[in-house]
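Visitor: Following is a predicted model, sequence given first.
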Amino acid sequence: MNEVLLFALLTLGLLGTVAAVILYFVAQKFKVIEDPKIDLVDDVLPKANCGGCGFPGCRAFAEALVKSADVNKSIDGLNCPVGGNDVMKDAAAILGLEVQEQDPLIAVIRCNGSKANSPAKIDYDGPSTCAFAHNLYAGEGGCPHGCLGLGDCVASCDFDAIHMNPETGLPEVNDKCVACGACVKACPRGIIELRPKGKKDRRIFVSCINEEKGGVAKKNCAVACIGCSKCFKVCPFEAITMNNNLAYIDPIKCKLCRKCVEVCPTDAIHELNFPPRKKKPEVVENTTEKESVPAASSDNKNETQA
Amino acid sequence: MKSLKTFTIGGVHPEENKRSANAPIQQLSFPKQAIVPLGQNLGAPSKPIVKRGDEIKTGQLIAKGESFISANLHSPFTGKVLKIDDLLDSSGYRRPAVVIEVGDDVWEEGIDTSAALKREISDDKQSIIDKIKANGIVGLGGATFPTHVKLMVPDGKKAEFLIINGVECEPYLTSDHRLMLEKGEEMLIGIKILMKALSVDQAIVGIENNKADAIKHLTELAQKYEGISIQPLKVKYPQGGEKQLIKAAVNREVPSGKLPIEVGCVVTNVGTAFAVYEAVQKNKPLIERVVTVTGKAVRKPSNFMVRVGTPVQMLLDAAEGLPENTGKMINGGPMMGKAIMSAEVPVVKGTSGILLMKKEESRRKTPQTCIRCSKCTTVCPMGLEPFLLAKMSRLERYEESEKERIMDCIECGSCQFTCPSHLPLLDYLRLGKQRVGQLIRSRK
């Protein structure tokens, strides 16, 4: 009996030793030397794995940061939108580099074709996915560029930052938005744009992407940009460009003076998070404009898309 | 009794509902204003050659097909060009179209408008193809592929069979059926012309067995025409699909991603054969077609000979109006047709029917989870796995769905029709096809 036990112990012990020796040499031969900085950088990243940086997950981004630091001695052009400047500073400190401060971005819905502004002409009963609906038809309101309201953007958001407002039928972005860009990719109409958050979260943008002629656009939606160029003419900073019957406000050139908001005849230009407008004392010299100003600055602009 | 021929993989049998089968083709009156879209064929849209204010005659060329896969477009009416502008198409998107104010019908010179039958084919091969090209003939089965492109057999390939599609497997539609009954002789001459253009000596007209009168009528007529045989087929959807029809008629299989010419076949529709007869023998361009107006609630299901550009509303009026509880208006049949947004949109070369569905039958049912019953796989006529492809589209795994041959999908809708969970399989497949198409193009 003892012999059997001894034999078993010896055999197993020998096998174990041989395997250990083989494994030791194999491990030496195929050793992967990883830069320890990758782990350090990875630790400061937010671990959201959202892909907003353009890499598949935080680990890949950490690798890219370390590689860029080694090769180019800078990490410009790489940015973690979720972590923002703080995280990028920490990462840069680990790598012994400086990083430029970047304006934080936020997703902006460039359509205001709500149920009231663009009433439904037909009744869609297909699958509730914008991607399908976009392939099938122009939209219940008839605008071929407008929001379909079926929530592909909501489904794509990992941060609980975008929700449908059942009253308007439009998505609304809250301040949880980290500008990862998932909704921008998900929207088949390209309505969502990432724009700088702006000072005190103040933003001005054209809430329409319809490139049809003014009359056609207006037929389907009361608040469409009709390409009248009034904002383009009034802008003192040349921040507005006109292209294919559509105005676009460059967020970098825009100084938030709100002149364009006042002149827009269809209320297509939105201002967000501005204090309520005072009665205008500065346009006293122009009597004709004095009357038109209060009418143009109607109250509904501050309500939408806070 | 010997069982009838049909294709072997998959297929479904929807309710036939051929309510307008006994309604003779009526000529529809002309509208006051016609909208003629420029993109009426598969491929590149035609380039307009008329401008605002031009006086045009019926049959006059108004837009040229310039690229390889494109077709000419002719004025269906006499009158004045009001404007060339982007106008609503049936999906609600805007597409360029010519708007014509319709006056008295005066035909362009050189077009034979008499009804006399012209039997002998005097044109040679090349001049047949030229005439078909000049007169803007496209496939009238629905895909509107330019016919002259089909007739130009690539080097190294040889056509052995001309297969004529008289299947009309879509439920409700009867436009091809009526055409076979009423214009049978013309159609057979058209087939002879196509045979000459392709240098083939065998033509097979495939007709489903539910059109017994058409089979009998054409079989009698075809005795006078050498090389044309009529092949009755078992009723099964989607037998009108090119690849399914080839399998059913000559038992050959088109390889994945290839065209029918690979197995020596060319397939055209019966409506196209009639249009070819008119184009070659009468020099008449394709400006009118047969359109079925039908539906369970339609008071007078009918077949109309309609000029292209006529608003759908006029067809509805002629069929005694829009029924009150109409839920959906469909361009085409119930299986492959697409819903129309408004009755102002015009009839185009590819409009085979207008189907009005009642509210209760038009609603989509609530989708539930896949129960893995594999019905979609059983009915897919292309041997695909729709449930898998749909899942891949949902997960955006387009490279894998390309390997699973998503581009072979003919969008017949059999999978969605048969799905007991009412899943939007076809919508997923269409989306997948679109994305995979983009992928393939981006590689070039």
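Guide: That came through fine. Numbers count the residues shown, from 1 in each chain, chains lettered A, B, ... in the order given.
Visitor: Please give me every residue in contact with whichever residue of the stretch 151-300 of chain A sits closest to chain B.
Guide: As assessed by C-beta to the nearest C-beta, chain B sits closest to residue A:212 within the stretch 151-300 of chain A, at 6.9 Å. Heads up, the C-betas are built off the backbone N, CA and C, glycines and all. Under the criterion of C-beta atoms under 8 Å, 6 or more residues apart in numbering or on different chains, the neighbours of residue A:212 are A:144-145, A:245, B:86, B:94.
Visitor: which ones among those are found in strands?
Guide: B:86, B:94 (DSSP state E).
Visitor: for the contacts of residue A:212, which one is nearest residue B:58?
Guide: Residue B:58 has its nearest neighbour among the contacts of residue A:212 in residue B:86, at 24.8 Å by C-beta to C-beta.
Visitor: What is the neighbour count of the closest one?
Guide: By the criterion of other C-beta atoms under 10 Å in any protein chain shown, residue B:86 has 15 neighbours.
Visitor: If we ignore the residues flanking it in sequence, what's nearest it?
Guide: residue B:94 (3.9 Å; C-beta to C-beta, 6 or more residues apart in numbering or on different chains).
Visitor: pretty sure the one you found is touching residue B:38, no?
Guide: No: using C-beta atoms under 8 Å, residue B:94 makes no contact with residue B:38, being 11.9 Å away.
Visitor: partner residues bridging the residue nearest to residue B:86?
Guide: Residue B:94 has these beta-bridge partners by DSSP bridges: residue B:88.
Visitor: Tell me who's in contact with it.
Guide: A:144, A:212, A:216, B:86-88.
Visitor: what does residue B:42 give?
Guide: B:69, B:138-139, B:143-146.
Visitor: what about the longest helix in chain A?
Guide: Ordering each helix of chain A by length in residues (DSSP state H) puts helix A:2-29 first.
Visitor: Quick one: list the elements packing against that helix.
Guide: The contact analysis (3 or more C-beta pairs under 8 Å, 6 or more residues apart in numbering or on different chains; DSSP states H and E) places helix A:2-29 against no helix or strand.
Visitor: Now the element after it, going C-ward?
Guide: Heading C-terminal from helix A:2-29, the first helix or strand you meet, by DSSP states H and E, is helix A:36-44.
Visitor: Tell me the buried residues in that following helix?
Guide: For helix A:36-44, the buried set under the neighbour-count rule, 16 or more other C-beta atoms under 10 Å in any protein chain shown, comprises A:37-38, A:40-42, A:44.
Visitor: could you say what helices and strands it packs with?
Guide: helix A:58-72, helix A:84-95.
Visitor: nearest to residue B:116, of the ones you listed?
Guide: helix A:58-72 (75.7 Å).
Visitor: Contacts only, for residue B:145.
Guide: Residue B:145 makes contacts with B:41-43, B:69, B:138-139, as judged by C-beta under 8 Å, 6+ apart.
Visitor: 7 Å instead?
Guide: Counting by C-beta atoms under 7 Å, 6 or more residues apart in numbering or on different chains, residue B:145 makes contact with B:42, B:138-139.
Visitor: Tell me which residues touch the closest residue to residue B:263 other than its chain neighbours, please.
Guide: Nearest non-adjacent residue to residue B:263, counting by C-beta to C-beta, 6+ apart: residue B:252, 4.2 Å away. With contacts defined as C-beta under 7 Å, 6+ apart, residue B:252 is in contact with B:246, B:263, B:265.
Visitor: So which residues of the stretch 101-250 of chain B form strands?
Guide: B:161-166, B:202-208, B:228-233 (DSSP state E, counting those that start in this stretch).
Visitor: out of those strands, nearest to chain A?
Guide: Once the strands of the stretch 101-250 of chain B are compared by C-beta to the nearest C-beta, strand B:161-166 is nearest, at 26.5 Å.
Visitor: got any ranges where the chain has weak pLDDT?
Guide: Since you didn't name a chain, this refers to chain A. For chain A, the stretches flagged by pLDDT under 70 are A:1, A:279-306.
Visitor: wait, I meant chain B there
Guide: B:1-2.
Visitor: can you pull out the helices in it?
Guide: B:125-134, B:147-151, B:175-182, B:184-198, B:212-222, B:242-250, B:270-281, B:312-318, B:359-362, B:375-379, B:386-394, B:398-403, B:414-418, B:425-443.
Visitor: ok so, going back, will you turn the strands of the stretch 101-250 of chain B into TSV that also has distance to chain A and mean neighbour count?
Guide: Listed next are the strands of the stretch 101-250 of chain B as TSV, based on distance: least, C-beta to the nearest C-beta, whole Å; neighbours: other C-beta atoms under 10 Å in any protein chain shown:
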stretch	distance to chain A	mean neighbour count
strand B:161-166	26	26
strand B:202-208	29	24
strand B:228-233	32	20
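Visitor: Redo those strands as CSV? Include distance to residue B:343.
Guide: Converted to CSV, the strands of the stretch 101-250 of chain B look like this (distance: least, C-beta to C-beta, whole Å):
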stretch, distance to residue B:343
strand B:161-166, 29
strand B:202-208, 31
strand B:228-233, 35
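Visitor: Can you tell me the closest non-neighbouring residue to the residue of chain B found nearest chain A?
Guide: Distance from chain A to each residue of chain B (C-beta to the nearest C-beta) is smallest for residue B:92, at 3.0 Å. In space, and not counting its chain neighbours, residue B:92 is closest to residue A:138: 3.0 Å by C-beta to C-beta, 6+ apart.
Visitor: Great, nothing more from me.
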